[in-house]
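S.K.: Just to be clear, the model below is a prediction. Sequence and coordinates:
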Amino acid sequence: MSAPPTSRGEPVTHRQQLLDYLEQGCKPAADWRIGTEHEKFVFRQADKRPLPYEGADGIGAILGEFHRRFGYDPVYEGDNIIALTKGKANITLEPGGQFELSGAPLQTIHQTCAEVGEHLSQVRQIGKDLGFGMLGLGFNPLWRRSDIPWMPKGRYKIMRDYMPKRGSLGLDMMTRTCTVQVNLDFSSEADMVQKFRVSLALQPVATALFANSPFTEGRPNGFQSFRSHIWTDTDPDRTGDLPFVFEDGFGFERYLDYILDVPMYFVYRDGTYMDASGQSFRDFLDGRLPLLPGQVPLLTDFGDHLTTAFPEVRLKKYLEMRGADGGPWGRLCALPALWVGLLYDQTALDAAWDLVKDWTDEERAALRRDVPRLGLATPFRGGTVQDLARQTVAIAREGLRNRARTAGMGDDETHFIEPLAAIADSGVSLATEMLGKYEGTWAGDLTRLYDEYAY
């Protein structure tokens with residue numbers, strides 16, 4: 001989740017302003033950055049249950065401790081702290097209290113991993129005193145949806161009311177899922193297009209490599225990544241693998257057409273989320289929005305609207321990689337390593353494009369459909385996704401080597417991708433590993449998962 005919106009901005013009087021907004025993301029390679037976001041479930045150590053917002057050990061109190069101990073500035077909605085900012089980093093809340101660090105845009109994965117390490121150290125310090133822990137998995141393995149308190153954010157109330165009208169799993173997406181994603185830059189429209197196509201085609205490979213959500217309410221659910229499956233029945237107007245990205249002529253203009261056709265959720269004015277669910281941003285541009293007749297949007301409204309589309313790869317002023325389950329500590333560094341290796345070195349990017357450029361719409365759709373259930377064992381062109389994963393990781397490793405960004409001991413960034421290389425070589429995802437423990441040493445007791453995999 002991005003930083004909380006504002007209601008300030010330039011009025012939008014013509015379409016070109018929106019294209020200019022997207023094109024402002026173009027920047028020279030020297031200015032490319034890495035922004036990593038990761039969500040965690042917050043649980044009470046004593047009973048492994050979710051925390052409410054209220055109370056001396058609730059989510060609100062945790063945010064207050066981050067403010068008091070570590071210098072984060074609070075962001076309020078009404079009387080409630082609902083986010084924190086520090087420099088260019090934010091801490092935000094997902095609807096079910098999932099705790100997210102949206103990291104600062106950094107130059108190397110070494111810096112990203114240091115940022116993640118500092119944040120998790122702070123989590124442990126406060127958690128020791130308040131009696132909570134945090135767990136990074138794609139789907140909560142124990143909790144029922146009805147067990148989970150909702151956070152006091154107006155945006156989420158609107159989405160909570162609207163989601164069941166469009167799919168059967170949207171409320172599960174909001175309350176019971178966690179992801180890790182990385183946000184990456186592009187130099188030009190052509191560079192954006194190549195990166196968008198490569199990352200969208202290979203997103204199922206990332207899903208398979210990071211799959212770790214095989215449990216629902218204490219039992220196996222038949223999936224490797226139930227989190228990924230949930231997105232297929234959330235809202236067809238704003239999810240999916242966007243086949244038009246691979247059509248001739250794709251660029252900023254075509255993506256703008258797509259985003260303008262995504263129904264709205266809200267308009268944010270003077271600290272209040274106003275319910276515009278199902279209404280048209282195109283009507284808003286023409287001054288015909290039923291909620292605000294005669295008014296046109298601000299550029300900040302367009303920025304907010306971009307965050308309400310949920311495809312596997314999302315374009316804002318950068319590209320967001322959205323296909324991975326959240327995961328343990330090492331995976332939080334491996335996700336940016338995978339995509340930086342693939343997209344930030346031109347030789348690697350060209351090799352990745354060569355790998356995927358002749359895939360058909362039907363093949364890409366089949367991968368999106370089948371990988372959540374079958375993971376690395378998903379059949380593809382006489383082989384499996386495991387074969388694709390080996391090739392993808394090898395390309396990414398070479399891209400990281402070519403980047404040659406070293407840390408204090410002279411190490412480059414390639415070691416961050418090694419957890420994924422081990423998964424690709426063995427075919428054993430974290431989901432497979434945990435299912436084995438469930439049938440073996442855990443003897444069906446998923447509270448053991450919290451003990452072994454919490455940060």
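M.R.: Sure thing, it's come through.
S.K.: tell me the helices in the stretch 151-300 of the chain, going along the chain?
M.R.: Along the stretch 151-300 of the chain, counting by DSSP state H, counting those that start in this stretch, helices occupy 154-162, 170-176, 189-210, 226-230, 252-261, 281-285, 299-306.
S.K.: ok, and what's touching the fourth one?
M.R.: Going back to what we said before, that points to helix 226-230. With contacts defined as C-beta atoms under 8 Å, 6 or more residues apart in numbering, helix 226-230 is touched by 138-139, 169, 172-173, 177-179, 207, 211, 213-216, 223, 323, 325, 371-373. Placement of C-beta: from N, CA and C, glycine included.
S.K.: let's see 6 Å
M.R.: 138, 139, 169, 172, 173, 177, 207, 213, 223, 325, 372 (C-beta atoms under 6 Å, 6 or more residues apart in numbering).
S.K.: Count the residues that sit near the fourth one.
M.R.: When you say that, I think you mean residue 172. 23 (other C-beta atoms under 10 Å).
S.K.: wait, what's in contact with it?
M.R.: Taking C-beta under 6 Å, 6+ apart, one finds residue 230 in contact with residue 172.
S.K.: where does it land on pLDDT?
M.R.: On pLDDT, residue 172 comes in at 98.
S.K.: The second one too?
M.R.: According to the per-residue confidence, residue 139 scores 98 in pLDDT.
S.K.: Also the third one?
M.R.: As predicted, residue 169 sits at a pLDDT of 98.
S.K.: OK, contacts around it?
M.R.: Applying C-beta under 6 Å, 6+ apart, the residues near residue 169 are 230, 233, 234.
S.K.: now do the first one
M.R.: Contacts for residue 138 were tallied using C-beta under 6 Å, 6+ apart; they are 212, 213, 225, 227, 325, 326.
S.K.: Taking those residues together, which two end up most distant?
M.R.: 225 and 326 (10.8 Å; C-beta to C-beta).
S.K.: Same drill for the two, tell me which one is more crowded.
M.R.: residue 225 (31 against 28).
S.K.: Leaving out chain neighbours, which residue sits closest to the more buried one?
M.R.: residue 211 (4.0 Å; C-beta to C-beta, 6 or more residues apart in numbering).
S.K.: Quick check: pLDDT value at the one you found.
M.R.: Taking residue 211 on its own, its pLDDT is 98.
S.K.: separation between it and residue 34?
M.R.: Distance check for residue 211 against residue 34: by C-beta to C-beta, to the nearest Å, it reads 23 Å.
S.K.: and what of residue 159?
M.R.: Taking C-beta to C-beta, one finds residue 159 at 29 Å from residue 34.
S.K.: Have a look at the chain and report its longest strand.
M.R.: strand 34-44 (DSSP state E).
S.K.: And the contacts of the helix or strand following that strand?
M.R.: Using DSSP states H and E, the next helix or strand after strand 34-44 towards the C-terminus is helix 59-70. Contacts with helix 59-70, where a contact means C-beta under 6 Å, 6+ apart, come from 51, 53, 72, 74, 81, 84, 97, 122, 126.
S.K.: which residues in the stretch 251-400 of the chain form strands?
M.R.: 266-269, 272-275, 310-311, 313-315, 319-321, 379-380, 383-384 (DSSP state E, counting those that start in this stretch).
S.K.: Contacts only, for the nearest residue to residue 103 once chain neighbours are set aside.
M.R.: With C-beta to C-beta, 6+ apart as the criterion, residue 103 has its nearest non-adjacent residue at 4.7 Å, and that residue is residue 36. Contact analysis of residue 36 by C-beta under 6 Å, 6+ apart lists 103, 112, 182, 336.
S.K.: Check the spacing between the third one and residue 343 real quick.
M.R.: Distance of residue 182 to residue 343, computed by C-beta to C-beta: 9 Å.
S.K.: sorry, back to before: which ones among the contacts of residue 36 map onto strands?
M.R.: Those of these mapping onto strands are residue 182, per DSSP E.
S.K.: Identify, from the contacts of residue 36, the entry nearest to residue 426.
M.R.: residue 336 (22.1 Å).
S.K.: Would you mind confirming that residue 82 is in contact with residue 153?
M.R.: Yes - Residue 82 is within contact range of residue 153, at 5.3 Å (criterion: C-beta atoms under 6 Å).
S.K.: Work out the gap between stretch 169-185 and the centre of the chain.
M.R.: Stretch 169-185 sits 5 Å away from the centroid of its parent chain (C-alpha atoms, centre = their mean, to the nearest Å).
S.K.: Who is residue 99 paired with across the strands?
M.R.: residue 40, residue 93 (DSSP bridges).
S.K.: Would you mind confirming that it makes contact with residue 42?
M.R.: Yes - applying C-beta under 6 Å, one finds residue 99 in contact with residue 42, separated by 5.3 Å.
S.K.: Those two: who's more crowded?
M.R.: For residue 99 versus residue 42, neighbours defined as other C-beta under 10 Å are more numerous around residue 99 (24 against 21).
S.K.: Span of stretch 83-91 from start to end?
M.R.: 6 Å (C-alpha to C-alpha, to the nearest Å).
S.K.: List the buried residues for it?
M.R.: 83, 84, 85, 89, 90, 91 (16 or more other C-beta atoms under 10 Å).
S.K.: Mind listing residues that contact that stretch?
M.R.: 3-4, 63, 66, 72-75, 92, 101-104.
S.K.: cutoff 7 Å now
M.R.: 3-4, 63, 66-67, 71-75, 92-93, 100-105 (C-beta atoms under 7 Å, 6 or more residues apart in numbering).
S.K.: just stretch 178-185 next, same as before
M.R.: 25, 27, 32-41, 98, 136-138, 227, 318-322, 324-327, 331-332, 335-336, 339-340, 343-344.
S.K.: that older thread, of the buried residues of stretch 83-91, which pair is most distant in space?
M.R.: Longest span within the buried residues of stretch 83-91, C-beta to C-beta: 83 and 89, 11.1 Å.
S.K.: Give me the pLDDT for the nearest residue to residue 242 once chain neighbours are set aside.
M.R.: Of all residues not flanking residue 242 in the chain, residue 311 sits nearest, at 5.2 Å (C-beta to C-beta, 6+ apart). pLDDT recorded at residue 311 is 98.
S.K.: repeat for residue 410
M.R.: 85.
S.K.: so it, which of the three states?
M.R.: When classified by DSSP: H, G, I helix; E, B strand; the rest coil, residue 410 comes out as coil.
S.K.: Near it, how many other residues are there?
M.R.: 6.
S.K.: same thing with residue 295?
M.R.: Neighbours of residue 295 under the rule other C-beta under 10 Å: 15.
S.K.: and what of residue 38?
M.R.: The number of residues near residue 38, taken as other C-beta under 10 Å, comes to 26.
S.K.: ditto for the one 3 residues further on
M.R.: Other residues within reach of residue 41, judged by other C-beta under 10 Å, total 29.
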